[in-house]
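Colleague: Let me see the structure of the following:
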Amino acid sequence: MSLNWDDMRVFLAVAREGSLSAAARRLGVTQPTAGRRLRALEESLSARLFDRLPQGFLPTPAGSELLPLAEAMERSAEAVARRQPALADRLHGTVRISMGEVTAQFLAPRLPALRARLPEIELELAVSHLLANLSRREADLVIRDCLPESPGLIARRLGRFAFAVYGARDYVAANPAALTEARFRDCAWVGYDEEHHYFSGQDWLLSRLEGRLPAVRFNDAMVLQEALRAGTGLGVVACFAADTDPSLVRLTPPIEAVDSTKHLIVHQDLRRVPRVRAVMDALVELFESEAEALAGGLPERERRSA
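Modeller: Numbering: from 1, shown residues only. Down below sits the predicted model:
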């Protein structure tokens, strides 16, 4: 007897979702298709796998016994999918990189140089606050602050993003307190909403506002910078992004307490895939070459005017 993996996928989805309709939605198939595959699996095993009850599908003893075996098949199938690119041994194809918007803001203007170095590789930059699941191939690479806890993931340090306080030049000129420690009391501030308090600089800022919240709050770092540029108030921004913006002025040195160390994370099954390896090496070199700007070193125009 040979088992059909598509039938087993339906079995797993039904066991996890508790109904055919929810399982079908999860798998992206029709409910009749899901039902047909489940019946085919039961017939091939000569066993009833679920009790069809008003409250949903509940595994029978046979279904409960099959469940861990099906989960093992799923893990094996995922491992094959991860290793498949390495079998081709070719330096072309697509590499998908998941990252937050600050990292994307850093990479976007540097993509021409990356593409010139890797002309046969297509890049997908997935900007998200959520950590992509590398085991399920939601991305090939992830750039994040946090180190991975899941087994099978490997991290390499890329570099540290420095942050400082900035405001629009016109706003600072109209609000002399922005140039002193009185800025925390007398100036308007922009920051992040409660759900995104973990964004770099938010906790540091709240500790200095003495119970007040930023007057305008966002869930996106690039939109926050746009608000600063418009003169909405003061805010904490990545130095590499704000130092090259002529409409903004830096009001503090890089804030030591605001740390955002980026790590490049890859699944161990993908780290030797040629195209993934090539992109990893290029990213490491890019971050190393930009280390001074990332750490808050002033650009040449600011050094000349200092």
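
Colleague: Is the closest residue in space to Val279 that isn't next to it in sequence in a helix, a strand, or coil?
Modeller: Leaving aside its chain neighbours, Val279 sits nearest to Val95 (4.6 Å; criterion: C-beta to C-beta, 6 or more residues apart in numbering). For every residue, glycine as well, the C-beta is placed using N, CA and C. Following DSSP: H, G, I helix; E, B strand; the rest coil, Val95 is assigned to strand.

Colleague: Check the one 3 residues further on too.
Modeller: When the structure is reduced to helix, strand and coil (three-state DSSP), Ser98 reads as strand.

Colleague: gap between it and Met222?
Modeller: Going from Ser98 to Met222 by C-beta to C-beta, to the nearest Å gives 17 Å.

Colleague: If you count surrounding residues, which of those two has more?
Modeller: More neighbours surround Ser98 than the other of Ser98 and Met222, with 24 against 15 (other C-beta atoms under 10 Å).

Colleague: Beta-bridge partners for the more buried one, please?
Modeller: Ala126, Val142 (DSSP bridges).

Colleague: Touching, it and Arg137? I think so.
Modeller: No - using C-beta atoms under 8 Å, Ser98 makes no contact with Arg137, being 11.2 Å away.

Colleague: In the helix or strand where Val279 lies, which of the residues would be classed as buried?
Modeller: Val279 is part of helix 274-289, with elements assigned from DSSP states H and E. Neighbour-count burial for helix 274-289, counted by 16 or more other C-beta atoms under 10 Å, picks out Pro274, Arg275, Val276, Arg277, Ala278, Val279, Met280, Ala282, Leu283, Leu286, Phe287.

Colleague: now do stretch 4-17
Modeller: For stretch 4-17, by 16+ other C-beta under 10 Å, it's Asp7, Met8, Arg9, Val10, Phe11, Leu12, Ala13, Val14, Ala15, Glu17.

Colleague: which is the next helix or strand following whichever helix or strand the fourth one is part of?
Modeller: Same thing as Val10. Val10 belongs to helix 5-17 when elements are defined using DSSP H and E. Going down the chain from helix 5-17, the next helix or strand is helix 20-27, by DSSP H and E.

Colleague: gap between that next one and the chain center?
Modeller: The gap between where helix 20-27 is centred and where its chain is centred comes out at 26 Å by C-alpha atoms, centre = their mean, to the nearest Å.

Colleague: List the contacts of it.
Modeller: With contacts defined as C-beta atoms under 8 Å, 6 or more residues apart in numbering, helix 20-27 is touched by 9-10, 13-14, 16-17, 30-31, 33-35, 38, 57.

Colleague: so how far is Ala40 from the nearest residue to Ala104 once chain neighbours are set aside?
Modeller: Distances taken as C-beta to C-beta, 6+ apart place Val127 nearest to Ala104, at 4.7 Å, with adjacent residues excluded. Note on Val127: its distance to Ala40, by C-beta to C-beta, is 41 Å.

Colleague: Who has more neighbours out of those two?
Modeller: Per other C-beta under 10 Å, whichever of Val127 and Ala40 has more neighbours is Val127, with 17 against 14.

Colleague: tell me the contacts of that one?
Modeller: The contact partners of Val127, taken as C-beta under 8 Å, 6+ apart, are Met99, Gly100, Glu101, Ala104.

Colleague: In those residues, find the pair that's most separated.
Modeller: For these, the farthest-apart pair by C-beta to C-beta is Met99 and Glu101; their separation is 7.9 Å.

Colleague: Of all the residues in whatever helix or strand Glu122 lives in, which ones are buried?
Modeller: Glu122 is located in strand 121-127, with elements delineated by DSSP H and E. Neighbour counts over strand 121-127 (16+ other C-beta under 10 Å) mark Ile121, Leu123, Leu125, Val127 as buried.

Colleague: what's the closest non-adjacent residue to the first one?
Modeller: Distance criterion C-beta to C-beta, 6+ apart; nearest residue to Ile121, sequence neighbours excluded, is Arg275 at 5.1 Å.

Colleague: List buried residues within the contacts of Val127.
Modeller: Met99, Gly100, Glu101, Ala104.

Colleague: Just give me the closest of the residues you listed to Ala174.
Modeller: Distances from Ala174 to these, taken by C-beta to C-beta, are shortest for Glu101, at 28.9 Å.

Colleague: And the strands in this structure, which stretches?
Modeller: 50-53, 56-59, 93-99, 121-127, 141-144, 153-161, 163-168, 190-192, 216-218, 234-238, 248-250, 260-267 (DSSP state E).

Colleague: is it possible to export these to JSON lines including mean pLDDT and distance to Leu114?
Modeller: Putting the strands of the chain into JSON lines (pLDDT from 0 to 100; distance: least, C-beta to C-beta, whole Å) gives the following:
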{"stretch": "strand 50-53", "mean pLDDT": "90", "distance to Leu114": "50"}
{"stretch": "strand 56-59", "mean pLDDT": "91", "distance to Leu114": "48"}
{"stretch": "strand 93-99", "mean pLDDT": "92", "distance to Leu114": "10"}
{"stretch": "strand 121-127", "mean pLDDT": "93", "distance to Leu114": "7"}
{"stretch": "strand 141-144", "mean pLDDT": "94", "distance to Leu114": "13"}
{"stretch": "strand 153-161", "mean pLDDT": "92", "distance to Leu114": "14"}
{"stretch": "strand 163-168", "mean pLDDT": "97", "distance to Leu114": "24"}
{"stretch": "strand 190-192", "mean pLDDT": "95", "distance to Leu114": "29"}
{"stretch": "strand 216-218", "mean pLDDT": "95", "distance to Leu114": "28"}
{"stretch": "strand 234-238", "mean pLDDT": "96", "distance to Leu114": "19"}
{"stretch": "strand 248-250", "mean pLDDT": "96", "distance to Leu114": "26"}
{"stretch": "strand 260-267", "mean pLDDT": "92", "distance to Leu114": "14"}
